[in-house]
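*Asks:* Give me the fold of what follows.
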Amino acid sequence: MLAQIEKEQYEKMHEILRLARQNLRDFDESLIQRAFFLCYRAHEGEKRASGEPFFYHPVEVAKIMLTELPLDGVSVAAALLHDVIEDSEYTYEDLTAELGSEVSDIVEGLTKISGIMINREITQAEGFRKMLLSVVKDVRVILIKFCDRLHNMRTLDALPEHRRLKIALETRDIYAPLAHRFGLGKMKIELENLAFKYIDPDMFEKVQKKVRLSRGERIAYLDKMIVPIKRDLEKQGFRIEAQGRAKHLFSIYNKMRNKNKKFEDIHDLYGIRIIIDTERISDCFAAYGYITQKYPPLPQHFKDYISIPKHNGYQSLHSAILGPKGRVIEVQLRTRRMHEFAEFGVAAHWRYKEKVSKDDASIDSFLKWARDLINDADSAASFMEGFKLNLYHEEIYIFTPKGDMKTLPAGSTPIDFAYAIHTEIGNGCIGAKVNGKIVRLNSELKSGDRVEIIISKNQKPKVDWLKTVKTHRARIKIRSAINEERRIQIEKGRNMWDKMLSSTKKLLTENDIIKQVRKYGIKTPADFFSALANQQIDGQKVIQSLAEQEHPPFTAEKNDDDGLGFDTFAEQARKGREGELFGKDEVIIEGLPNIAYSYAKCCKPVPGDDIIGFVTREGVAKIHRKNCVNVSNESLLKSERVVSVAWNRKVETEFLAGVKVIGEDRMGITNHITAVLSKSDINIRSISLHARDGMFIGTVMIYVRNISRLKALIDKIKKVQGVFSVERLSS
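*Replies:* Numbers count the residues shown, from 1 in each chain. The predicted structure is shown next:
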């Protein structure tokens with residue numbers, strides 16, 4: 001038995017090495033062998049749902065990598081080990097020691113995204129965010145994940161029905177569109193067809209049966225066209241490969257469902273793909289010209305994806321011609337290189353280069369959309385919205401008056417186009433000219449339109465715009481501008497109200513205000529202040545209606561504006577975390593180890609600040625921030641009384657920092673802020689929020705490793721809906 005296992009084990013390893021020699025340019029055989037045996041050891045004794053040894057799965061994933069998406073030896077090794085960190089006792093450090101950091105980094109990226117879609121929207125959003133973050137670091141992570149998913153779909157029969165359906169839906173809605181986004185046309189089709197098989201098995205069988213029954217007639221029909229086309233083109237000196245192709249099952253099903261047609265009513269099931277052995281793009285257009293001399297073209301179906309490639313890099317010439325018996329035949333023309341990129345997408349770069357770096361510019365173009373999506377999202381819901389929009393939309397190509405092109409989703413408006421150019425152009429958009437004619441801002445644009453945006457400094461984004469825009473970027477920017485405008489109006493209204501009350505010498509509670517303005521449809525103090533600023537309500541009338549009533553004085557709990565006195569915060573920050581971060585002396589003064597020191601009251605430095613010392617005439621070192629106005633004088637900085645100082649912080653420790661947050665008091669705002677902190681892997685010491693009049697002022701006390709991480713965190717909190725300003729707590 002043992003001998004049989006060892007024989008089978010070595011046969012599988014040699015099969016992988018054979019495929020590697022056949023499909024890879026240059027690779028380290030030793031690396032693949034070590035990865036194979038580590039894979040076997042890690043999964044020894046484990047079984048799949050089908051009952052077969054678990055290590056068969058990573059072996060098959062590696063074989064799919066080598067046949068479907070051949071990249072490099074590192075990818076094959078990572079494919080063999082993609083489940084090891086998650087499902088065995090081997091750690092990232094173990095893999096690094098045995099196979100190097102490049103392999104272990106990819107495996108770790110795969111491990112981080114393996115748990116997506118366990119729960120619903122929030123968990124999904126976080127899972128997809130992790131997936132895209134891993135992709136941004138190394139695109140090979142997602143390519144291996146596609147191979148993993150493809151093998152799982154090919155072996156889905158072993159799972160119970162409810163799990164089959166869940167995985168199939170996830171594949172149809174996420175992985176197939178993602179594969180399309182990365183240009184993997186061949187893999188996308190197989191993933192869609194396999195998902196279709198398990199989502200609607202009855203319909204799958206019906207469509208498959210009809211396609212099989214029509215196969216002989218279809219092949220005979222296409223052969224009658226392909227043979228003369230191939231002969232005519234070869235006479236003109238072209239070296240070509242002509243293929244007959246039918247729409248794949250899922251595509252046929254979608255057309256039947258979306259257009260409410262029967263199978264027999266679909267007349268564009270047939271297609272011809274012509275691959276030309278040439279490097280000259282002009283040959284595709286020339287070949288198209290010869291074909292249309294024999295078969296009349298349908299101009300409305302002509303699409304030039306060679307001059308203007310799709311967002312995933314796809315290039316081809318598409319058209320439709322009328323064949324014998326009046327049937328519509330789709331025709332695709334492309335060069336051999338274009339065909340490789342159409343089938344293998346981002347993976348094709350490894351076929352055309354001796355070595356591809358994960359930072360390669362050609363790969364980077366595939367990842368820009370992922371970075372933009374991650375950076376633009378200000379909430380889980382927003383991220384999911386953008387994620388789906390970026391996967392599913394059809395594209396149109398719009399031009400500026402100068403001829404620059406922008407790619408937008410089908411159905412986009414001039415507002416979408418304005419925001420695609422620049423945020424300020426979008427915010428100030430008051431009108432648009434399309435092909436020289438003025439149109440409404442909610443008009444749908446069409447491919448090839450030349451659009452000129454008319455702007456005004458007095459324009460501000462409207463809430464109604466959110467109903468018509470299609471792009472995720474436009475939605476985010478409009479919401480941000482509206483939120484900022486609301487904050488300004490609330491502050492303006494609050495100041496107006498305070499001035500009105502100052503002459504009455506009255507203190508009014510929030511309930512006092514709301515009782516009087518409820519009849520105007522106002523529900524919160526923030527709404528009241530905004531209405532006051534916009535002159536939608538008369539504040540003096542509200543005060544007059546209250547003048548006749550008796551009110552108990554309102555006494556708010558006394559708080560510093562920061563929610564925490566800065567002196568108290570500074571004292572806590574200098575003590576460090578649980579008294580462990582700093583030595584006996586909180587700062588080290590170069591050359592003067594025993595000198596007395598104190599903190600300057602003018603700038604009140606805390607850990608994380610760049611600091612400098614200034615020795616007073618009394619012999620005490622005053623510790624200032626380096627940017628303090630009292631020590632920034634050039635002559636003073638050259639003085640002998642200036643000394644170098646530094647925080648006495650142990651290596652790799654964290655310091656306490658305070659962040660002041662101001663925003664609109666709304667339901668769940670604390671949860672949204674803490675969610676940002678938890679995603680940023682930040683340790684929270686305390687959160688203090690004090691609300692009044694529909695606004696809140698709060699302090700977040702956190703431990704951070706450096707100033708750059710603190711700044712990044714502040715930027716993320718600013719994106720929380722309802723937050724108006726975020727800044728580091730200072731004196």
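*Asks:* all strands in the stretch 301-450 of the chain, in order from the N-terminus.
*Replies:* For the stretch 301-450 of the chain, the strands defined by DSSP state E, counting those that start in this stretch occupy 303-304, 317-322, 328-335, 395-399, 405-409, 429-434, 437-439.
*Asks:* Quick check: which element contains Arg709?
*Replies:* Using DSSP states H and E, Arg709 falls within helix 707-718.
*Asks:* just checking, what packs against that helix?
*Replies:* For helix 707-718, the packing partners by 3 or more Cβ pairs under 8 Å, 6 or more residues apart in numbering; DSSP states H and E come out as strand 655-664, helix 669-679, strand 695-704, strand 723-728. Backbone N, C-alpha and C define where each C-beta goes, glycine included.
*Asks:* Tell me how far Arg181 lies from Gly109.
*Replies:* As defined by Cβ to Cβ, to the nearest Å, Arg181 lies at a distance of 18 Å from Gly109.
*Asks:* just Leu213 next, same as before
*Replies:* Distance of Leu213 to Gly109, given as Cβ to Cβ: 45 Å.
*Asks:* picking that back up, of the strands of the stretch 301-450 of the chain, which approaches Asn627 most closely?
*Replies:* Closest to Asn627 of the strands of the stretch 301-450 of the chain, according to Cβ to Cβ: strand 429-434, at 39.4 Å.
*Asks:* so what strands line up beside the closest one?
*Replies:* strand 437-439 (antiparallel), strand 451-455 (antiparallel) (DSSP bridges).
*Asks:* can you list the ones you listed in TSV and add mean neighbour count, mean pLDDT and distance to Arg617?
*Replies:* Listed next are the strands paired with strand 429-434 as TSV, based on neighbours: other Cβ atoms under 10 Å; pLDDT from 0 to 100; distance: least, Cβ to Cβ, whole Å:
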stretch	mean neighbour count	mean pLDDT	distance to Arg617
strand 437-439	12	90	74
strand 451-455	19	92	60
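*Asks:* So Ile707 sits against Val606, correct?
*Replies:* No. In this structure, Ile707 is not within contact of Val606 by Cβ atoms under 8 Å, at 11.3 Å.
*Asks:* and among the strands of the stretch 301-450 of the chain, the most buried is which?
*Replies:* strand 328-335 (a mean of 21; mean count of other Cβ atoms under 10 Å).
*Asks:* Including distance to Leu66, could the strands paired with strand 429-434 go into TSV?
*Replies:* Below are these laid out as TSV (distance: least, Cβ to Cβ, whole Å):
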stretch	distance to Leu66
strand 437-439	53
strand 451-455	46
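*Asks:* closest to Lys310 out of these?
*Replies:* Nearest to Lys310, of all the strands paired with strand 429-434, is strand 451-455, at 20.4 Å by Cβ to Cβ.
*Asks:* after that closest one comes which helix or strand?
*Replies:* Per DSSP H and E, the first helix or strand lying C-terminal to strand 451-455 is helix 465-468.
*Asks:* Can you show me the CA trace of that next one as PDB?
*Replies:* The C-alpha trace of helix 465-468 is given here as PDB (Å, rounded to 0.1, in the frame of the first residue of the first chain):
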ATOM      1  CA  TRP A 465     -27.700  63.900  -9.100                       C
ATOM      2  CA  LEU A 466     -27.400  60.700  -7.100                       C
ATOM      3  CA  LYS A 467     -30.400  59.300  -8.900                       C
ATOM      4  CA  THR A 468     -28.900  59.600 -12.400                       C
END
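*Asks:* next helix or strand past it?
*Replies:* In N-to-C order, the element after helix 465-468 by DSSP H and E is helix 472-502.
*Asks:* Pull out the buried residues from that following helix.
*Replies:* Using 16 or more other Cβ atoms under 10 Å as the test for burial, helix 472-502 gives 472-483, 486-487, 489-491, 493-494, 497.
*Asks:* Let me know the helix or strand that the residue nearest to Pro324 when sequence neighbours are not counted is in.
*Replies:* Using Cβ to Cβ, 6 or more residues apart in numbering and skipping residues adjacent in sequence, the residue nearest Pro324 is Lys224, 6.7 Å away. Assigning secondary structure by DSSP H and E places Lys224 in helix 215-235.
*Asks:* what angle do that helix and strand 317-322 make?
*Replies:* When axes from the mean of the first three to the mean of the last three Cα atoms, to 10 degrees is applied, the directions of helix 215-235 and strand 317-322 differ by 110 degrees.
*Asks:* next one: helix 215-235 to chain centre, how far?
*Replies:* Mean-position distance between helix 215-235 and its chain equals 45 Å (Cα atoms, centre = their mean, to the nearest Å).
*Asks:* Contacts made by that helix with the rest, please.
*Replies:* If you take Cβ atoms under 8 Å, 6 or more residues apart in numbering as the criterion, helix 215-235 is touched by 240, 242, 244, 246, 269-270, 272, 274, 287, 290-291, 294-295, 323-324, 327, 329.
*Asks:* mind running it again at 7 Å?
*Replies:* Residues from elsewhere that reach helix 215-235 (Cβ atoms under 7 Å, 6 or more residues apart in numbering): 240, 242, 244, 246, 270, 272, 287, 290-291, 294, 323-324, 329.
*Asks:* quick one: terminal-to-terminal distance for stretch 430-441?
*Replies:* One end of stretch 430-441 to the other measures 8 Å (Cα to Cα, to the nearest Å).
*Asks:* so where's the stretch 251-400 of the chain uncertain?
*Replies:* Applying pLDDT under 70 to the stretch 251-400 of the chain flags residues 264-268, 349-393.
*Asks:* can you give me the strands for the stretch 101-250 of the chain?
*Replies:* Counting by DSSP E, counting those that start in this stretch, the strands of the stretch 101-250 of the chain are 240-246.
*Asks:* and Lys12, which of the three is it?
*Replies:* helix (DSSP: H, G, I helix; E, B strand; the rest coil).
*Asks:* Spell out the secondary structure type for the closest residue to it other than its chain neighbours.
*Replies:* The shortest distance from Lys12 to any non-neighbouring residue, by Cβ to Cβ, 6+ apart, is to Val59 (5.1 Å). Recorded secondary structure, Val59: helix (three-state DSSP).
*Asks:* and if you look at Ile85?
*Replies:* helix.
*Asks:* what separates it from Asp105, distance-wise?
*Replies:* Relative to Asp105, and taking Cβ to Cβ, Ile85 is found at 11 Å.
*Asks:* before we move on, the earlier item: what is the most widely separated pair among the contacts of helix 215-235?
*Replies:* Pairwise distances across these peak at 24.3 Å for Ala246 and Tyr290 (criterion: Cβ to Cβ).
*Asks:* hmm, back to that, tell me which of Leu213 and Gly109 has more neighbours.
*Replies:* Shown here are Leu213 and Gly109; by other Cβ atoms under 10 Å, Gly109 has more neighbours (25 against 11).
*Asks:* shouldn't that one be in contact with Asp138?
*Replies:* Yes. With contact defined as Cβ atoms under 7 Å, Gly109 counts as touching Asp138 (6.4 Å).
*Asks:* So Phe37: helix, strand or coil?
*Replies:* helix.
*Asks:* which residue packs closest to it, ignoring adjacent ones?
*Replies:* Nearest non-adjacent residue to Phe37, counting by Cβ to Cβ, 6+ apart: Met13, 7.9 Å away.
*Asks:* does Asp283 sit in a helix, a strand or a coil?
*Replies:* Using three-state DSSP, the structure places Asp283 in helix.
*Asks:* okay, now Ile673: neighbour count?
*Replies:* For Ile673, the neighbour count with other Cβ under 10 Å is 24.
*Asks:* Now do it against Ile684, distance only.
*Replies:* From Ile673 to Ile684 the distance is 10 Å (Cβ to Cβ).
*Asks:* ditto for Pro593
*Replies:* Look at Pro593 and Ile684: by Cβ to Cβ, they are 35 Å apart.
*Asks:* Of these two, which one has the most company?
*Replies:* Higher neighbour count among Pro593 and Ile684: Ile684, with 13 against 8, using other Cβ under 10 Å.
*Asks:* Good, we can wrap up now.
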